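S.K.: mind looking at a prediction? Sequence and model below.
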Amino acid sequence: MTDNKDDKTLSVTGKKTLTLKPSGVSQGTVRQDIGRGRTKAVVVETRKRRLTRPEDEKPSAPVSQARPAEPAPAPVAPRPATPAPRIHQPSAPQQRAPQAQQPARQERPRGAVLHDLSAGEMEARRRALVEAQAREVEEAKQRAIDEERRKAEAEEAALRAAEDAAQRATEVKEEGTHVQEAEAPAAAAAPARPAEVRPVPRPAAPSAPVFGRSRKEEEEEEERNAARGPARGKIAAPAPAKVPARPKGEDDRRRGKLTVTSADVDEEGAPSRGRSLASMRRRQEKFRRSQMQEPREKIVREVVLPETITIQELSQRMSERAVDVIKYLMKEGQMMKPGDVIDADLAEIIATEFGHTVKRVSESDVEEGIFDVVDSEGELLSRPPVVTIMGHVDHGKTSLLDAIRNANVVAGEAGGITQHIGAYQVEQNGQKITFIDTPGHAAFTAMRARGAQATDIAILVVAADDSVMPQTIESINHAKAAGVPIIVAINKIDKPTANAQKVRTELLQHEVFVESMGGEVLDVEVSAKNGTNLDKLLEAILLQAEILDLKANPNRTAEGTVIEAELDRGRGAVATVLVQKGTLRPGQIIVAGDQWGRVRALVNDKGDHVKEAGPAMPVEVLGLSGTPAAGDKFAVVENEARAREISEYRLRLARDKAAARQSGSRGSLEQMMSQLQTSGMKEFPLVIKGDVQGSIEAIAGALEKLGTEEVRARIVHSAVGGVTESDISLAEASNAAIIGFNVRANTQARQAAERGGIEIRYYNIIYDLVDDVKAAMSGLLSPERRETFLGNAEILEVFNITKVGKVAGCRVTEGKVERGAGVRLVRDNVVIHEGKLKTLKRFKDEVSEVPVGQECGMAFENYEDIRAGDVIECFRVEHVTRTL
Ligand SMILES: Nc1nc2c(ncn2[C@@H]2O[C@H](COP(=O)(O)OP(=O)(O)OP(=O)(O)O)[C@@H](O)[C@H]2O)c(=O)[nH]1
């Protein structure tokens, strides 16, 4: 073994050290920098040079023969020019044992021989030496390249083995049984590594500077080194031997992880677990994850695409990562962010690229599915009725609402409870009734105008001492227009001047037939002041509700109507909503009008936070982005993106409507006419306001006479006085036109009309008014079909022409025939077909008409049963607009 005392160390380069043994075969290690501040040991073996000098030859001959074949000092390959002479020159004395220094001196004649060489020989030798060195450098370079390649291959092989092991290990279900199975591949992988992963000593061996060796000797040496490889592997790659001794590695394998051991030679020449182990673990873990993910089947989704969509939203709808979509777009040369909006065309390309199908929807489709969820009969449960109180000014609407609430509070809970929101619920005989606390028909109609049928029952409050007044009538008309049943509350019966009977009688004139007068309308005499008969009123409401059989499905996503909304300083946007279907809960995302938000909290009419609000329950909703308008419908949607999409669509719609209003009023007679025509309605709704009752009656009478079986004027509301805001909302809700006779609209009404796009027509002559209405109503009459006979033609012969079909060769016997005109085929005076002419030809030329006496070719559209002798009757059809 190496005797360190006798070792001679040569500093080859700054980084490398060569230690030589003084024996015939010297061993040493060269430290080679392998990067990252680490070195690896290269074992170098140096053999004693043997000089073969034939006795009778000149001393120079063997030297000159042997030297050119000698390899250059290879271990210092990277920088051969410098080290080569340094190794070479001292190598001669070194090749003698130190003890034999004297004999070395005795061999001096060899040096003398060299010295004695001629200059030419010296030059040749020098050149040969330089060439040999250059060759060695090249070989060293090549070896380094091969080394790198082998290293890479080895790592790859080890990784593969590691992956196999990991895969197998993860498959292990029973730990004990499968540990060995898991270890086996790892162990199998490990022995493969020393040869490939840690080839440090192997390239070193052949590159050892065996001075003066023959090629054969070199090869033998190589073989020996190869044979020695595994033994030296102890130093270079002791990993396999270490693995079993490393319990952590075993544990890792037991856990299904893989412990891939790799040893580098550290400063002390000891094995160490270095960078490759950590990186391999990472790679193995990554691989394991990918293995776990791979089996997942790709789910093809139908992606609903609106006209525009954000990349984020598209990714969500595809269930793909936004980053992948962005990567794809980058590949296509488009730099985008998740929040960027793309059009449907690009979205479709992306979705298709990701293997999904698409469903393009138009902008209006964004609301699809929100309000059209149909509940099956079995899902419906009884729900409380929703009641609104209407009536003339000062007839006691507010007093009645307060009285009902207070009576209920007193009956139900100790101490008064302040009502917090614009609606409340009371209980009567265990049944709930919801009151919307926005008395007046204006609010009622405003809601209706927005399409919100929030109310089930209207309480018509009529003061018994004042009887039916204009706004009482207005309320009746509003309720009728909405199709909401009325319950008459004859109030203030405590007053000595009260006359309930008079109220009933006057209501008759307005087609409100109360029960006591033989009708079906429930009526209750009450006193809001004294609280008289309030329970009877509530019972009447429940009775009416029973008749209406009010039901809703509480087990679905909620929808309903906004009753009122305000911006609260502390709480932000607060909307009082009436849940009409389903159950609303905090955390859900709702869209209300053009606003949306996540429900932060629900507050009931008593100011308590509640966890849910079912059908007919009024609650305050906190969390909206802004304040929606009263009457706006709200609904729960599945996610924020959808909510935003709908809200944006509605905002756009509102802007478009406002812009449209600039150009024309929707409430104009002409527009209404066309609207009614398209809707198929044959009623012409009107709101008439006049200066005196007499003129209103005259107008109503004249308009009534215009009516036919097909179309008639329907006076939604008529009253004495100027046009009010309430008239506008009624007109809006019932699609009516407003006629003002000798009256004008007040400022608020004008503004409301402007906002709602309602046209108010003013007249002071009844005939003008009637003529205009007549003209508008005429548009509703179906036009008259008027037929004009053109002529007859007789079929002389029938030709069957390829690609055209049967063509009748005719002669016009009467009048004329026209192309495009209507035709009847008459056979034996019986019409057997009616249709249109496809072709009308004279001598192969298509003509527009053929007069009597001339011959022509005629063919029918989609009809070929024609025979010689048949008569073709030609006629023109006109649709004439009818007037009343
Ligand atoms: N005697 C008597 N007075 C009543 C009764 N109900 C209401 N009042 C009174 O009638 C007046 C008007 O009552 P409100 O409740 O304000 O009537 P309203 O219909 O809400 O009035 P507006 O909100 O202006 O439309 C008040 O002074 C009430 O005190 C009742 O049953 N008996």
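M.R.: That came through, no problem.

S.K.: which elements pack onto the top helix by length along the chain?
M.R.: The single longest helix within the chain, with elements called by DSSP state H, is helix 119-171. The helices and strands touching helix 119-171, judged by 3 or more C-beta pairs under 8 Å, 6 or more residues apart in numbering; DSSP states H and E, are helix 60-69, helix 83-94, helix 175-196, helix 201-204, helix 275-293. In this view, the C-beta of every residue, glycine as well, is placed from N, C-alpha and C.

S.K.: can you pull out the residues in contact with the longest strand along the chain?
M.R.: If you go by DSSP state E, the chain has its longest strand at strand 784-801. Contacts with strand 784-801, where a contact means C-beta atoms under 8 Å, 6 or more residues apart in numbering, come from 806-818, 821-822, 850, 852, 855-858, 866-882.

S.K.: same thing but 7 Å
M.R.: Residues from elsewhere that reach strand 784-801 (C-beta atoms under 7 Å, 6 or more residues apart in numbering): 806-818, 821, 852, 858, 866-880, 882.

S.K.: and for stretch 570-582?
M.R.: Contacts for stretch 570-582 (C-beta under 7 Å, 6+ apart): 386, 421-423, 454, 552-554, 556-568, 592, 595, 613-622, 624-628, 634.

S.K.: where does the stretch 751-884 of the chain dip in pLDDT?
M.R.: In the predicted model, the stretch 751-884 of the chain carries pLDDT under 70 at residues 779-784, 881-884.

S.K.: among the contacts of strand 784-801, which lie within strands?
M.R.: 806-818, 858, 871-880.

S.K.: hang on, Arg755 in a strand?
M.R.: No: read with DSSP: H, G, I helix; E, B strand; the rest coil, Arg755 is helix and lies in no strand.

S.K.: quick one: it from Ile832, how far?
M.R.: Distance from Arg755 to Ile832, counting by C-beta to C-beta, to the nearest Å: 60 Å.

S.K.: for Glu377, same thing?
M.R.: For Glu377, the distance to Ile832 - C-beta to C-beta - is 50 Å.

S.K.: neighbour-wise, which of those two wins?
M.R.: Using other C-beta atoms under 10 Å, the more surrounded residue of Glu377 and Ile832 is Ile832, with 14 against 7.

S.K.: is the ligand within reach of stretch 388-399?
M.R.: Yes: Stretch 388-399 reaches the ligand (C-beta under 6 Å from any ligand atom) through 391, 393-399.

S.K.: which parts of that stretch are buried?
M.R.: By neighbour count with 16 or more other C-beta atoms under 10 Å, stretch 388-399 contains the buried residues 388-392, 395-397, 399.

S.K.: wait, which of those is closest to Glu546?
M.R.: Thr388 (18.6 Å; C-beta to C-beta).

S.K.: the residue nearest to the closest one when sequence neighbours are not counted: what's it in contact with?
M.R.: Nearest non-adjacent residue to Thr388, counting by C-beta to C-beta, 6 or more residues apart in numbering: Thr455, 4.3 Å away. Going by C-beta under 7 Å, 6+ apart, Thr455 touches 386-388, 436, 444, 484.

S.K.: go on, Leu537?
M.R.: 489, 524, 526.

S.K.: that one sits in which helix or strand?
M.R.: Assigning secondary structure by DSSP states H and E places Leu537 in helix 534-548.

S.K.: anything in that helix near the ligand?
M.R.: No: judged by C-beta under 6 Å from any ligand atom, helix 534-548 stays clear of the ligand, getting no closer than 10.3 Å.

S.K.: the very next helix or strand once past that helix pairs with which strands?
M.R.: The C-terminal neighbour of helix 534-548 among helices and strands, as given by DSSP H and E, is strand 551-552. Applying DSSP bridges to the sheet, strand 551-552 is found paired with strand 381-382 (antiparallel).

S.K.: Val387 and Gly631, how far apart?
M.R.: Val387 is 17 Å from Gly631, by C-beta to C-beta.

S.K.: export stretch 752-759 to PDB, keeping only CA atoms.
M.R.: Taking C-alpha atoms only, stretch 752-759 is exported to PDB below (Å, rounded to 0.1, in the frame of the first residue of the first chain):
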ATOM      1  CA  ALA A 752     -91.600  60.600 -15.700                       C
ATOM      2  CA  ALA A 753     -93.000  60.400 -19.200                       C
ATOM      3  CA  GLU A 754     -89.700  61.500 -20.700                       C
ATOM      4  CA  ARG A 755     -87.900  58.900 -18.600                       C
ATOM      5  CA  GLY A 756     -90.300  56.100 -19.500                       C
ATOM      6  CA  GLY A 757     -90.500  57.200 -23.100                       C
ATOM      7  CA  ILE A 758     -94.300  57.700 -22.800                       C
ATOM      8  CA  GLU A 759     -96.000  60.100 -25.200                       C
END
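
S.K.: buried sites along that stretch?
M.R.: Applying 16+ other C-beta under 10 Å to stretch 752-759 flags 752-753, 756-759 as buried.

S.K.: show me which of those is closest to the ligand.
M.R.: Ala752 (18.8 Å; C-beta to the nearest ligand atom).
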